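S.K.: What shape does this take:
(5 chains)
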Amino acid sequence: MSQLQLCLVLSSFLFCIGLIGAMARSNTILVLLGVELMLNAANINFIAFWRYGPDHAAGTGILFVLFSIAIAASEAAVGLALVIAVYRHQKNIRLQEANRLKG
Amino acid sequence: MSASTDSFLERAPIEARDWLVQLLPAPLQWFTHHLITIGAILAVFGLFFAFTTVAERKLLGRLQNRLGPNRSGLPKFSALPWHLKHKLFGLTQPFADAVKALTKEDIVPAAADKLLHFLAPVLVVAFSLLTFAVLPFGRNMVPVDLDAGLLYFFAAGSATELTIFMAGWASRNKYSLLAAMRALAQVISYELPLLLSVVPVVLVAGTLSTNEIVTAQGGWSFGILPHWNIFTPWGFIGFLLFLVAALAECNRSPFDLPEAESELIAGHLTEYSGFKYALFFMAEYFGLTALSGLGVTLFLGGWQAPCDFLPFIPSYVWFMGKLVMMIVFFIWVRGTLLRLRIDQLTRLAWQFIVPLALINLGNAAFWALTASWAGPLQLVRLGVSLALVVGPFILLGRRLNIGRGPRTYRYATS
Amino acid sequence: MTLALILLSVLILGSAAVAIALRNLIHSALLFVGCWAGIAAFYLWAGAEFVAFAQVLIYVGAVSMVVLFAVLLTRQGNELEPVKDDSFNRFIRALIAGGSVAGVLLGAILGTPMDVNTASPAPTMTVRELGARLMGPHAAALLIVGVLLTVALLGAVVLAAVDRSDQPEDAP
Amino acid sequence: MLGSGIIKGLAVTAKNFVGSYFVPERMVTEQYPEDRPKLPENYRSFPLLVSETAEDPMGTLRCVACQICEKECPPQCIYIEKSKDKKPDATGKMQLYPVVFAIDTSVCMSCGLCAELCPFDSIKMDQVFEVAATNRFAGLLLNREQLAKSNAYYHSIRPVEAAEVDARLAADRQAAEAKAKAAAAAKAAAAAAKAAAPAAQPAPAPVAEAPKPPSPAA
Amino acid sequence: MITAAPAPFGQSSGPTVRRVNDPLHGDLLEVSMGPQHPSTHGVFRMDVTLDGEVIVKLKPVFGYLHRNHEKIAENTSYLSSMPYTDRLDYLCSMSTNWAYAMAVEKLSGQAVPDRAQYLRVILAELTRIVNHACLVGFLFNDLGTSFTPLLYAFREREKIIDLFEALSGSRMMCNYQRFGGCRVDPTPEWLAAASKLVDNFPRFLDEYETMLTGNEILLARTQGVGRLDPKHAVNAGITGPVLRACGVNYDLRKVDAYGFYPRFDFRVPLGEHGDTYDRYMMRILEMRESVKILQQAFKVLPAGPIMDPKAKLRGFRPKPGETYGRLEGPKGELGFYLLSDGTPNPYRYRVRPPSLINLTLLEEMCLGHTVADAVVILGSIDIVLGEVDR
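M.R.: Residues are numbered from 1 along each chain as shown, chains lettered A, B, ... in the order given. I've put the predicted structure just below:
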């Protein structure tokens, strides 16, 4: 297995862990973190392909990861703000119970 | 100035290291090279930490019209005739403290999260030491000359508050928990101002490498006025903002909210004793030293000498001198000011420092764009820049302090 | 090099898996921090210095703080999350979904011949180049990301802010 | 302007910092074991019992075991047992003396009421403040022998007050001798014997309400 | 006699408070601050319920320093209680002594010589300076300074305390006043030293105020924090600088005109907002007024006896009756109620401690503020646990 393939395997496993976390856990914070993990897995792919890809100088992978990190950060900020808002309304943050549009 | 023209003292530490490294076989050289650097940093800044603590206590003592620690001296059996009188001015105090900290009982609360309670002090020292890697201590004396050095510094430094949180949460003490919350709120509020206060320097120097930032501040006008960033309007206000944000970052008074002793006993340190406590203490001073070093690097010209006839003094001496000055200033501030409240702390960050830093960023951009102006235009440049500093400062400051001020009092008439 | 990569993978995957499985939210949050730090180390390993530091700065320095803050504010830190009846079923379903995704991905990865550019040492990209690219070809994206971040920040503040209208003006 | 108050404060502390090197009055701390505090004469720590001589402290105690101090002591830390026999006191009168006189200095609150109320000027306040003991019971419970200090010592710690006391005692002694002479003369003159001998007592202290000496003419 | 000034700050009287079990807000954290806490000024406990850092409930708990003072006093002679009164407010024993002596003198109808009256005023005002200097120092410590203002204040306090030691033999437990006068006559050297100290004191105050009064952090931390409504304060029986900071003109030195105070020219500073900053400034201004009183007193101090010649120390038996003697202590109205049945011991003995009564409104002042403010508000009330618990 080449190093690139190793990286890809790493990223796909990370993605699956994130997926399992997002699906299996009921705690909204953990679900959010699972989604973050999936994003990170994608980032790993970008870097891996940049590292072993044909054109280092273009740096597209790096640039993409930077944007992705920025988006992940804003996702975390908004998501956790939502968590706090949900908690304030229903006193817990179980995702399954947050099924009303009205507080 | 090339390396060969440097004075002997300037070259001595580097040449000593290189000589030592070349003694070893080639595969070990890279490793030894860094090992020596790490060893040197640990030794120098370990001692520096020790003497900072005693300096802090002595300076605070003098500020408060006391003598400060002056008891610990050489052991009784010392044959030196002057030890009775001077007791080494209490300079051996840190070693006595170290022995005391090491021999004290290590108490872990029964309900504590044992692993995190143990990990927190270990990690905090590790993280605070990481930041030293990119500080240029002298000419050719930066341990790792990273291209994105400044980013590295902040990345490494940002982890310390996490350890404070770990300590506070793992102690299972309500005061510690409150301290943990405060530490989080503080770091969330002050990471941005700190970064923003630094960005103008990056903008003007055009690099993230700490070494190049220092090099960019080289040279003198008329032989006595160095081209340090602090001597420009944007640099001055940037330095002030950096100082405030740095005080908040390393939890020093007046921003020592996580360990506010009058409110939260000792905050996150409440349940720590013995050597773990000493480790936190150490990390705090390492953090302070590192941030001071960064301030020196970014605004005070790093290892550059202040006048063009002074560079015969080695660059690392200049760096250390400036570092000591910064730390003395921090101690002085600690001896004078009162603590802010947590909401005032965040308000100060968001309503004062962040807008001011943003304006300052524009100011620095203006400064960088007008670098070619000459003659009377130079004065215009200075004037505009100063106006961009003073105006917002006064306006924002007035807004921050609105409704407050010294009062006059009436007296009963009867 | 490969050994380092394997070690890093073990660190990343291990901490992520344990973090997902733990019931103590603070512990999982801290393990996530470890996982993110491992990913940053992977970026360093791959030669993407700038991205690695950005990852540490943003994930370890900022996102983790926000996560911990949220955990503490929702008072999940001190008690363990209760196990609900349906959680086992959901876990099985998630495992099946995750396993099948992993299977498809692995099959794809291992089955695809890749034209690998194994330039050694790792390629580097200086900050200056990166900046030039960001401000050049990708300026529009940078601008949009900036706007997005600002909007997200404001949105988060609006969402999380307590309606403090019943608070005295001089209290804060 | 924002920050002006802070800068003023910094200036004041800087002034104090510099001043601490040049203005000795600013420094108020004492380097204790080397520099002893200069105690004022009125300083009081724990009681002592005055004896006339240092050589025979037990024989020349001024205390007559009247137990006023024992009664008045607010925390009741004084314990006295009277003697069965009598001994001549400072003025030469036959008086009781304390067989046991103990003060529990762990209870004593150094108020000085005992010294103030003592009509015989025998209990005074000491000026020793390094009273530490390894045994909290026996070490701090001072008995007659430990409490007794010579008049010379009393002079050394409170010269003014001791001089006054000595003058007063000397006057009393003279008065007592005169009274004794007069009493003896009266006794010789008056054949009718009374049950009690005229036990002349010292003149009252200026402030304290002391028992009046019985009139010899009675 | 007590008239509440019109509320100068509009309708809002104190902060509005959220209900503790408000379902819309987060869980509450209960913290027991004290009795082992660095800024509860002794063994005092505040059971605080926090929403985040905001206090929604505060219960003061005290009694850890209860020493049965009143019952002990009923079982000892009048004189033997005098050293115990030192231990009530151990920072200002001189004025506590005077309050007790005043009550007993009222009971027995003793006269006090002029010199003793002047000495009492001098010592009470010196005590006020000591207390206020201490308070201001401790307040800044609660505000988070690293001891600097406290030590500056203690430097000045130390000088006065040394004077007390030279006069009475003890630095804090002075035990100086007697029924019908004072115990020791000060020497001319003592008076000269005291006069010099008092003349130099304003210089210290100026330095102190330069250092801190205009400090922006102080303004932000204290202005608008812990507001006390004058009506509320009067209803609760708050006295002293805490009351005057709300703008109520009530100073026993003027109201009762006890001692020789009517002979002195001094003013009573009044606050306006009733917040922590006003309470701090009241102390500073009162110290300045005390200096004025002292300067006048040193000028006119007459020669003469310091003790009523008819006064009895031992065997003191006041005739049956009851009395209440009070004075304006540094912390507020300090009163002693005595009921005599003609025996050497008082039949009933009761202290009105200003610290305890000023403490009653602690919760009102703290609600809606943060933990950090609670500490500062407690500091600004100025309590001494010896007096609170008795």
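S.K.: Quick check: which helices or strands does the strand or helix carrying residue E:358 pack against?
M.R.: With elements taken from DSSP states H and E, the one containing residue E:358 is helix E:354-359. Using 3 or more Cβ pairs under 8 Å, 6 or more residues apart in numbering or on different chains; DSSP states H and E as the contact test, the elements touching helix E:354-359 are strand E:332-340, helix E:371-381, helix E:385-389. Every residue, glycine included, has its C-beta placed from N, CA and C.
S.K.: and residue D:5, how many neighbours does it have?
M.R.: Close neighbours of residue D:5, defined as other Cβ atoms under 10 Å in any protein chain shown, add up to 22.
S.K.: Tell me where the stretch 151-300 of chain B has strands.
M.R.: B:220-221, B:225-226 (DSSP state E, counting those that start in this stretch).
S.K.: still on that earlier bit, check the helices and strands packed on helix E:354-359 for me and report the most buried one.
M.R.: Of these, the one with the most neighbours on average (mean count of other Cβ atoms under 10 Å in any protein chain shown) is helix E:371-381, at a mean of 28.
S.K.: relative to strand E:332-340, how tilted is it?
M.R.: Following axes from the mean of the first three to the mean of the last three Cα atoms, to 10 degrees, one obtains 60 degrees for the angle between helix E:371-381 and strand E:332-340.
S.K.: Pull the CA coordinates from helix E:371-381 and hand them back as CSV.
M.R.: As requested, the backbone C-alpha atoms of helix E:371-381 are provided in CSV (Å, rounded to 0.1, in the frame of the first residue of the first chain):
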residue,chain,number,x,y,z
VAL,E,371,-19.5,36.9,42.6
ALA,E,372,-16.7,39.3,42.2
ASP,E,373,-19.1,42.1,43.1
ALA,E,374,-20.4,40.3,46.1
VAL,E,375,-16.9,40.2,47.5
VAL,E,376,-16.5,43.9,46.9
ILE,E,377,-19.9,44.8,48.3
LEU,E,378,-19.2,42.9,51.4
GLY,E,379,-15.9,44.7,51.7
SER,E,380,-17.6,48.0,51.3
ILE,E,381,-20.1,47.4,54.1
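S.K.: Spatially central, which residue of the chain would that be?
M.R.: You didn't say which chain, so I picked chain A. residue A:36 (2.1 Å; Cα atoms, centre = their mean).
S.K.: Can you look at chain D instead?
M.R.: Going by Cα atoms, centre = their mean for chain D, the residue that ends up nearest the centre is residue D:124, at 0.4 Å.
S.K.: Mean confidence (pLDDT) on the host helix or strand of it, please.
M.R.: Mapping residue D:124 onto the secondary structure by DSSP H and E places it in strand D:123-125. Taken as a whole, strand D:123-125 has a mean pLDDT of 88.
S.K.: wait, does that strand contact chain E?
M.R.: Yes: on the criterion Cβ under 8 Å from any Cβ of the partner chain, strand D:123-125 is in touch with chain E at residue D:125.
S.K.: tell me which strands and helices that strand is in contact with?
M.R.: Strand D:123-125 packs on strand D:47-51, helix D:113-117, going by 3+ Cβ pairs under 8 Å, 6+ apart.
S.K.: mind checking the SS state of residue D:43?
M.R.: Under DSSP: H, G, I helix; E, B strand; the rest coil, the three-state class of residue D:43 is coil.
S.K.: Please enumerate the strands of the stretch 1-150 of chain B.
M.R.: Residue ranges of strands cannot be listed for the stretch 1-150 of chain B, since DSSP E, counting those that start in this stretch assigns none.
S.K.: which parts of stretch B:111-118 are buried?
M.R.: Neighbour-count burial for stretch B:111-118, counted by 16 or more other Cβ atoms under 10 Å in any protein chain shown, picks out B:112-113, B:116-118.
S.K.: returning to what we had before: among the helices and strands packed on strand D:123-125, which is the most enclosed?
M.R.: Mean neighbour count (mean count of other Cβ under 10 Å) peaks for strand D:47-51 among these, with a mean of 26.
S.K.: got the contact list for the spatially closest residue to residue C:125 that is not a sequence neighbour?
M.R.: Beyond its immediate neighbours in the sequence, the residue positioned closest to residue C:125 (Cβ to Cβ, 6 or more residues apart in numbering or on different chains) is residue A:59, lying 4.9 Å away. Under the criterion of Cβ atoms under 8 Å, 6 or more residues apart in numbering or on different chains, the contact list for residue A:59 reads A:50, C:125, C:129-130, C:133.
S.K.: Take these and lay them out in CSV including neighbour count, secondary structure and pLDDT.
M.R.: As requested, these are exported to CSV (neighbours: other Cβ atoms under 10 Å in any protein chain shown; DSSP: H, G, I helix; E, B strand; the rest coil; pLDDT from 0 to 100):
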residue, neighbour count, secondary structure, pLDDT
A:50, 24, helix, 83
C:125, 22, coil, 75
C:129, 16, helix, 81
C:130, 21, helix, 82
C:133, 19, helix, 83
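S.K.: For the residue in chain A that chain D sits nearest to, what is the enclosing helix or strand?
M.R.: Ranked by Cβ to the nearest Cβ, the top residue of chain A for proximity to chain D is residue A:77, at 30.2 Å. Using DSSP H and E, the secondary-structure element containing residue A:77 is helix A:60-90.
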